[in-house]
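Novice: When you get a sec, could you give me coordinates for this:
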Amino acid sequence: MTSSELSPWLIALMTVLLVILVDRVWHIPDRFNPVTLYRLMVLNLATRVLPDQTAPTSQHYISGTLGIIVLLVPMLVVIAIIISAMEFKQVVDGLILFGCVGFYNVRKQYKAVVYCLSKQKKLLARERVSHLVARQTDRLSDIGIAKAAIESYLLRFLQQFIGVLFWFLLAGPIAALGYRLLLEFRWQWHRQRPGFERFSIPAYYLTQVLIWPGYVIGTMLLMLVTSPMKGVVAWRSARQKDLTSTVLAMFGGSMNIILGGPNIYNDRTVRHQRVGGANQVRFSDLTYVLRAINRATWLGMILLTLVMITSWQITK
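Specialist: From the prediction side, this is the model:
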């Protein structure tokens, strides 16, 4: 069976597996990554269209929605037209997926935090973790730094890694690209930033709907490679049942560590319930979390490989 005879589903599975492997060992430098440029465009757009705080709430909602439409829709349409005119479409699809996943950098930043804490360089660790989180980091203790790094690494894994792969397999490269770029609106227009409380609502709730599949699939993979029963018990005992608290509760319970709790944004404390296991986060838990997410990644690859082989046998 030649590549031209393979079904689009099989080609998509092969592309995903190849991208996961390449992302483990290599990444596109930030200065060459189009996502980095788009991130700057999102930030610059906010400075132009963010209404004054005295403006009505409806104006904030409209500005936030129009900002997404103006910056996202034309780009997706142009890219879709360009891809449709290309001969080697599968190669372009793979490049788009590789650029969208980009989890190598997140993993590198997380390991940098672990290294700084291992050398007791607290100031440097705070600076490193600030690249992963939106919260204020200048007053974090060692435990606070570790918790912030773990929570951010977990959520990025679910949103940026699992989520992008899911939308690529479900609806193709344009859907994966659109989802990934929407995440930039969610992160750069963070709702805890001063002045963004109402302006960020359209981006937040739109992505809140789209991240559900990645959260469900990623959490299931993590439960399978850790302690699923402890995770379920922690989720059932958690008082907060929102999406993020549920994920933190299940993962924290499976790892027997406490996650969640108060976060500081621009000298303002936002209180969340502590969820998860019974023990405070220790330095060693940073390594255990890294290993758990690595195991979940390999398990996902094994399952995708089995699906690919089965599909190939059926269509052969």
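
Novice: Neighbours of residue 85, how many?
Specialist: 8 (other CB atoms under 10 Å). C-betas here are computed from N, CA, C, even on glycine.

Novice: So for it, what's the pLDDT?
Specialist: On the pLDDT scale, residue 85 is placed at 86.

Novice: in stretch 271-279, what's buried?
Specialist: For stretch 271-279, a neighbour-count test (16 or more other CB atoms under 10 Å) marks 274-277 as buried.

Novice: Please apply the same query to stretch 192-212.
Specialist: So, applying 16+ other CB under 10 Å, buried residues of stretch 192-212: 192-193, 196, 198-204, 206-207, 210-211.

Novice: Dump the residues you listed to a markdown table, plus pLDDT, distance to residue 139 and secondary structure.
Specialist: Output for the buried residues of stretch 192-212, formatted as a markdown table (pLDDT from 0 to 100; distance: CB to CB, whole Å; DSSP: H, G, I helix; E, B strand; the rest coil):
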| residue | pLDDT | distance to residue 139 | secondary structure |
| --- | --- | --- | --- |
| 192 | 92 | 16 | coil |
| 193 | 91 | 18 | coil |
| 196 | 95 | 22 | coil |
| 198 | 96 | 27 | coil |
| 199 | 96 | 27 | coil |
| 200 | 96 | 24 | coil |
| 201 | 96 | 28 | helix |
| 202 | 97 | 32 | helix |
| 203 | 97 | 28 | helix |
| 204 | 96 | 26 | helix |
| 206 | 96 | 32 | helix |
| 207 | 97 | 29 | helix |
| 210 | 97 | 33 | helix |
| 211 | 97 | 29 | coil |
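
Novice: Next up, the contacts around residue 132.
Specialist: By CB atoms under 8 Å, 6 or more residues apart in numbering, the residues touching residue 132 are 106, 109-110, 113, 148-149, 152-153, 156.

Novice: how does it look with 10 Å?
Specialist: Listed by CB atoms under 10 Å, 6 or more residues apart in numbering, the contact set of residue 132 reads 106, 109-110, 112-113, 148-153, 155-156.

Novice: Would you mind checking which of these is nearest to residue 264?
Specialist: Relative to residue 264, the closest of those is residue 148; by CB to CB it sits at 10.4 Å.

Novice: Look at the closest one and tell me its secondary structure.
Specialist: Of the three states, residue 148 takes helix under DSSP: H, G, I helix; E, B strand; the rest coil.

Novice: How many neighbouring residues does it have?
Specialist: Counted with other CB under 10 Å, residue 148 comes out at 22.

Novice: now it: how far from residue 271?
Specialist: Residue 148 is 16 Å from residue 271, where distance means CB to CB, to the nearest Å.

Novice: you'd agree residue 264 is in a helix?
Specialist: No - counting by three-state DSSP, one finds residue 264 to be strand, located in no helix.

Novice: How about it, nearest residue that isn't a chain neighbour?
Specialist: residue 136 (4.3 Å; CB to CB, 6 or more residues apart in numbering).

Novice: Let's verify the one you found: helix, strand, or coil?
Specialist: Residue 136 ends up coil, using three-state DSSP.

Novice: Please renumber the chain so that the first residue is 4 from this point on.
Specialist: Sure, I'll start numbering at 4, so the last one becomes residue 139.

Novice: so where do the strands sit in the chain?
Specialist: Ranges of strands within the chain are 261-263, 266-268, 271-273, 277-279, based on DSSP state E.

Novice: could I get the buried residues of stretch 195-215 as TSV with distance to residue 26?
Specialist: What follows is those, written out as TSV (distance: CB to CB, whole Å):
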residue	distance to residue 26
195	29
196	29
199	30
201	36
202	33
203	29
204	32
205	30
206	25
207	27
209	26
210	22
213	21
214	19
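
Novice: If anything else comes up later, I'll come back, but that's it for now.
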